[in-house]
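>>> Pasting the sequence and the predicted model now:
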Amino acid sequence: MKIILLGPPGAGKGTIAKVLNQLDGSVQISTGDILRAAVAEGTELGKQAEATMKAGDLVTDELIMGIMEERLKQDDCKAGFLLDGFPRTIPQAEALKILLEKMDEKLDCALELVIARDVIIDRLTTRRTCTQCGEIFNVKSKPPKVDGICDACDGNIIQRDDETEEAINNRLAVYLKQTAPLVHFYRAEGLLVSVQGSNSEQVLEALKTRIN
Ligand code: ADP
């Protein structure tokens with residue numbers, strides 16, 4: 001599968017990517033995870049992205065395209081990839097199209113997860129993330145066995161800096177303005193598949209019609 005996951009923050013893109021990854025070994029590529037790792041390591045890239053991310057704004061298209069060009073050329077992408085959090089702007093989508101053409105690759109579809117705003121806000125304010133492996137927990141629906149400690153890797157679980165109410169509102173506004181237009185872009189490309197909610201059964205059902 002070569003899929004783009006579209007949807008607002010908190011729509012469940014990461015969760016769906018993990019389900020799909022287990023089906024056929026397609027690698028999940030999350031630009032948010034790549035950037036957070038760079039911030040944690042204090043690399044040059046991390047330093048450039050840190051303040052922007054904290055406010056919930058988007059880092060520049062140039063920076064993201066540099067990361068993705070390098071990432072998509074790695075061998076593990078040959079089995080398929082699930083792009084989570086990329087592209088986020090029309091220029092990124094256009095640059096990705098050119099990049100894939102150059103690589104002689106084709107997308108199967110752009111999968112849009114459609115979800116109500118109040119559900120998103122509730123999910124994001126209760127979400128917690130492992131700083132080490134990126135595993136997602138939720139204080140209401142999926143608390144860790146031991147408070148503050150990741151079930152999977154014993155890493156520390158935190159509330160992300162950009163998951164305060166203020167940053168979340170900003171991320172949603174940024175999504176509506178800069179990322180939502182991608183739905184029209186991929187519809188025009190004939191690649192859009194929209195699913196209400198983020199139930200994995202329903203997602204798989206919708207994808208079956210596109211991928212064999
Ligand atoms: P979300 O949970 O909002 O989907 P991500 O984990 O995908 O967020 O990304 C976190 C932050 O990283 C974003 O708010 C943004 O600052 C930056 N980022 C991630 N992907 C991109 C991208 N494709 N273009 C620009 N900025 C990005």
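Yep, it's here.

>>> So the closest residue to the ligand within the chain: helix, strand or coil?
Using C-beta to the nearest ligand atom, residue 32 is the residue of the chain that sits closest to the ligand, at 2.0 Å. C-beta coordinates here come from the backbone N, C-alpha and C atoms, glycine included. Under DSSP: H, G, I helix; E, B strand; the rest coil, residue 32 falls in the helix class.

>>> list the contacts for it?
Contacts for residue 32 (C-beta atoms under 8 Å, 6 or more residues apart in numbering) come out as 84-85.

>>> got the buried residues for stretch 74-85?
By 16 or more other C-beta atoms under 10 Å, the buried positions in stretch 74-85 come out as 77, 80-85.

>>> Tell me where this structure has strands.
Along the chain, counting by DSSP state E, strands occupy 2-6, 27-30, 81-84, 109-114, 127-130, 136-138, 157-158, 192-196.

>>> Isn't residue 186 up against residue 192?
Yes: at 4.4 Å, residue 186 counts as touching residue 192 under the criterion of C-beta atoms under 8 Å.

>>> out of those two, which sits in the more crowded spot?
Comparing residue 186 with residue 192 by other C-beta atoms under 10 Å, the one with more neighbours is residue 186, at 21 against 18.

>>> what's the spacing between the more buried one and residue 90?
In this view, residue 186 and residue 90 are 11 Å apart by C-beta to C-beta, to the nearest Å.

>>> next one: residue 55
As for residue 55, its distance to residue 90 is 21 Å (criterion: C-beta to C-beta).

>>> now do residue 112
15 Å.

>>> In TSV, list the strands of the chain along with mean pLDDT and distance to the ligand.
Formatted as TSV, the strands of the chain follow (pLDDT from 0 to 100; distance: least, C-beta to the nearest ligand atom, whole Å):
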stretch	mean pLDDT	distance to the ligand
strand 2-6	97	9
strand 27-30	95	6
strand 81-84	96	7
strand 109-114	96	11
strand 127-130	93	9
strand 136-138	93	10
strand 157-158	95	14
strand 192-196	95	17
